[in-house]
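> Quick one, fold the following:
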Amino acid sequence: MPSFEFTVDAALLKELGERLVGQPHIALAELIKNSYDADANTVVVRIDEDSLTITDDGDGMSPDRFKNFWMRVGSPHKQAIERTAKNRRPTGSKGIGRLAVQFLGTTLALRTSPREEPARQLLATVDWSTAAKARELTSARVDYAVGPRKKAYANGRPHGVEIVIGGLNQHWDVEQLKSLAQQVWQLQPPFQRGIESDFEVQLEHWSPDFAKVFDVQMHRNLDIWGARVRGRIIPSKSRIDIRERTVRYTLEFAGEDPEVLERTFVGCDLHALDFEIRIFSLYNRQKFGIVVETAREYLKEYGGVHIYDGGFHLPYYGPETDWLRTEIDHSHRLSRSKLLPEELQIESGLNNLPTNSRIYGVARVDTSLEREEARKERRVRLNEFLQIQASRDRLVDNPAYRSMRDIVRFALDFYAVRQTARMNDIPKPGRIGQVASAKVRRVEEVLKSFEHQIPKPVFRAISSEVQEAVKASETEAENALKQLGLMGALATAGIAALAYEHEAAKQLTQLEEIARRFRRHDPSPVGRELVSSLSEWISAARRTRAIFAPLNAQENRETRVRLKAAPLIEEIISNIRSLIRGISIDLDQLDLAIKLPEGTVAEWSAVFQNVFINAANALVDADHREIFVWSKDSYGRTRIIIEDTGSGVELRTAEDLFKPFVRKLEISSDRRELGLGGMGMGLSIVRMVANNLDCRVRFVEPSEGYATAFELSWAEK
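As a prediction, the model looks like this:
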């Protein structure tokens, strides 16, 4: 029986490239992932004005491999590879990575030398516009030549791949580079550079600022921590007891001031140790565009606390090694620490003990130093000093090692009890839905601790339901949060409206007096005076109306940007000047470079209008009426402090002022006539809006000469 064969039009190359790749940063990420799958240690991406160059030091390709795999669209050869020679899971399996080349530019020059024959190289060139004109895909030509290798690849290696793409189809801006980093950051392990198992992506750009943006984004995955604890042995000059060590711990929850604790360990043979552990809460939307599921997989692959000996990573310590015994204690539901002193213990304190899948840490020791110190103390023969095994992958399990383990584990127990205490304090002012989602997440953590004891189908079913509950609670919270900024702005408008009514009433009274005078007198000379008075009234009315300026424009209500603090505050003061007459405001110590966290003009106006009006209210009876605004950076937070010489607040009970309908001062009739004061909602609105902007507000100890100090602070991202 006669038959026909399917053919494929060469135009499919362009169609596949556009539909399967879609965006420039995804296309370039596909090429970087190809290098990762080829066991490269380094990929260098160079972006010039009309060309892209991607160079790696991976396996490279022989002519046969280039023909059978790279030239075969949809080749499934990666599907059969579970792990590469460097124990990597292949990132691609569809064989469409090379289509990214066509999507990015109009020409290609590919140079490659295989690891097994690095002296030879294959050079292939493609003009995509010509290839797409071929009648069939199988007729599209790629010209190539094989000859001696003339130059090295990334890192000066003799093997690898170099791809040069010309006639770029897109312009690469900062946002594209950020998106590229978000696509490939998880390929780069968090180990120190120079270690053989590393994979590093380097960007070279004609603008150094662009390259810096990419590099920062590549390393931001470890900056989304919810808490971190650092520790180090404090060097002691005393030789009275050489086996007694003091360790200084610093615990810091994101956005809060650090807590410092010192603990003495008796019978410790260590001389030097420092470490940092970051704890992650990967449930809600993360900063910097980090995808939660990607971050979870990353910590599953690279989490745990890693040990470095003299800068060399000991491969034994990682996510699959429970050397700190957190996994076993978590599964046994241990609730009380065996290491913390009694004064730090609380009920069920270890309920929040983090496991390897939630932490990344680095502990640095030096076995050469420990041997030398042991020699000085004549303890070498005892073999109790910290030393590395003959296999060079782990430390000897001896008293010094166990001291190191206890010192590091103490830090995690310290975090756990503090986190438990924080959760016991819920509810507290914070984001809507925080309490509910925290409790549901706790159920998920408990479920995971029993994973090995539950049949897999049952575990998957329960886990799926719990995750749906987490998503539902977080979605509800996000929907409520979207309304917070507008609610605060509208409430502020209501307070301002009361002030406006007071001011308008006085102006109307004045207008009525002008009208009466106009009727009683000859309009000729007096008319000019009345016109002048009326003009003054109109100007005053316009100044009063400026209170509503932040809400007048739609973009002020909806557009979220990082606003410069100084000019915004100056504008707000100008808008409310009619309400704070006679008050001196000093902005000279406010850093002009400070940018507020992302928010709308309306939201930030709601915060600062209320703060300044509250300060003005406290200054009505003051002899010296001054407001001082200044800024500082401390403990990783930017702070704006607004101080006044008014009646002052009692710091012990100052938090009560942020509660709805709570006022410190009774508002006299004179103050009401000035338009100051209200229903006690001002600071409640400030706290509500500030929380939505990821800021903290509080009263703090004022500077000398001032009675009240209000602080607005945030952690820089």
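
> Whichever strand or helix holds Gly361: what's the following helix or strand?
Using DSSP states H and E, Gly361 falls within strand 359-365. Downstream of strand 359-365, the next assigned helix or strand under DSSP H and E is helix 367-376.

> for the very next helix or strand once past that next one, packing partners?
Once helix 367-376 ends, the next helix or strand along the chain (criterion: DSSP H and E) is helix 399-424. For helix 399-424, the packing partners by 3 or more Cβ pairs under 8 Å, 6 or more residues apart in numbering; DSSP states H and E come out as strand 227-233, strand 244-253, strand 259-266, strand 274-279, strand 359-365. C-beta coordinates here come from the backbone N, C-alpha and C atoms, glycine included.

> List the buried residues in the third one.
It stands for strand 259-266. Within strand 259-266, the residues that qualify as buried are Leu261, Arg263, Phe265, counting by 16 or more other Cβ atoms under 10 Å.

> what's the closest non-adjacent residue to the second one?
The shortest distance from Arg263 to any non-neighbouring residue, by Cβ to Cβ, 6 or more residues apart in numbering, is to Val247 (5.3 Å).

> Between strand 274-279 and the strand holding Gly361, find me the angle.
180 degrees (axes from the mean of the first three to the mean of the last three Cα atoms, to 10 degrees).

> So in that sheet, which strands flank strand 359-365, and in what orientation?
strand 274-279 (antiparallel), strand 304-309 (parallel) (DSSP bridges).

> deepest of those strands, which one?
Among these, strand 304-309 has the highest mean neighbour count (mean count of other Cβ atoms under 10 Å), at a mean of 23.

> now the angle between helix 367-376 and that one, please.
60 degrees.

> shaky segments in the stretch 451-600 of the chain?
The stretch 451-600 of the chain contains residues with pLDDT under 70 at 451-453, 459, 467, 469-528, 530-532, 534-554, 556-557.

> can you rerun that using 90?
Where the stretch 451-600 of the chain drops to pLDDT under 90, the residues are 451-561, 571-582.

> among the strands paired with strand 359-365, which is nearest Val43?
Among the strands paired with strand 359-365, strand 304-309 comes nearest to Val43, with 23.2 Å by Cβ to Cβ.

> between the closest one and helix 399-424, how many degrees?
Using the same axes, to 10 degrees: strand 304-309 against helix 399-424 is 150 degrees.

> before we move on, back to that, between the strands paired with strand 359-365, which one is closest to Ser703.
Per Cβ to Cβ, nearest to Ser703 of these: strand 274-279, 34.1 Å.

> Next, the angle strand 244-253 makes with the closest one.
Inter-element angle recorded for strand 274-279 and strand 244-253: 30 degrees (by the same axes, to 10 degrees).

> need the next SSE after strand 274-279, C-terminal direction.
Past strand 274-279, the next helix or strand by DSSP H and E is helix 292-302.

> thinking again about what came up before, want to throw the helices and strands packed on helix 399-424 into TSV with mean pLDDT?
Output for the helices and strands packed on helix 399-424, formatted as TSV (pLDDT from 0 to 100):
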stretch	mean pLDDT
strand 227-233	95
strand 244-253	94
strand 259-266	93
strand 274-279	94
strand 359-365	92
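
> now these as a markdown table including distance to Trp172?
As requested, the helices and strands packed on helix 399-424 are exported to a markdown table (distance: least, Cβ to Cβ, whole Å):
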| stretch | distance to Trp172 |
| --- | --- |
| strand 227-233 | 34 |
| strand 244-253 | 36 |
| strand 259-266 | 44 |
| strand 274-279 | 31 |
| strand 359-365 | 31 |
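
> mind checking the SS state of Ser45?
I think there's a mix-up here, since residue 45 is Val and not Ser. At Val45 the chain is in strand, as set by DSSP: H, G, I helix; E, B strand; the rest coil.

> my bad, should have said Arg83
coil.

> hang on, the earlier thing: with respect to Thr55, which of the strands paired with strand 359-365 lies nearest?
Nearest to Thr55, of all those, is strand 304-309, at 29.1 Å by Cβ to Cβ.

> Please state the offset of the helix or strand just after the closest one from the chain centre?
Under the assignment DSSP H and E, the closest C-terminal helix or strand after strand 304-309 is strand 312-313. Centroid separation for strand 312-313 versus its chain: 27 Å, with Cα atoms, centre = their mean, to the nearest Å.

> got the buried residues for whichever helix or strand comes after strand 312-313?
Next helix or strand after strand 312-313 toward the C-terminus (DSSP H and E): helix 326-331. Of the residues in helix 326-331, those buried by neighbour count under the rule 16+ other Cβ under 10 Å are Thr326, Glu327, Asp329, His330, Ser331.

> ok now helix 326-331, how far from the chain's centre?
The answer for helix 326-331 is 28 Å, by Cα atoms, centre = their mean.

> Check what pLDDT Glu162 gets.
You'll see Glu162 listed with a pLDDT of 96.

> OK, contacts around it?
Listed by Cβ atoms under 8 Å, 6 or more residues apart in numbering, the contact set of Glu162 reads Thr53, Ile54, Thr55, Asp56, Leu110, Arg111, Thr112, Tyr153.

> Which of those ranks first by neighbour count?
Among those, the one with the most neighbours (other Cβ atoms under 10 Å) is Asp56, at 31 neighbours.

> how near is that one to Asn169?
Asp56 is 23 Å from Asn169, where distance means Cβ to Cβ, to the nearest Å.

> sorry, back to before: ok, so of the buried residues of helix 326-331, who is nearest Leu592?
Nearest to Leu592 among the buried residues of helix 326-331, with distances taken as Cβ to Cβ, is Thr326, at 47.0 Å.
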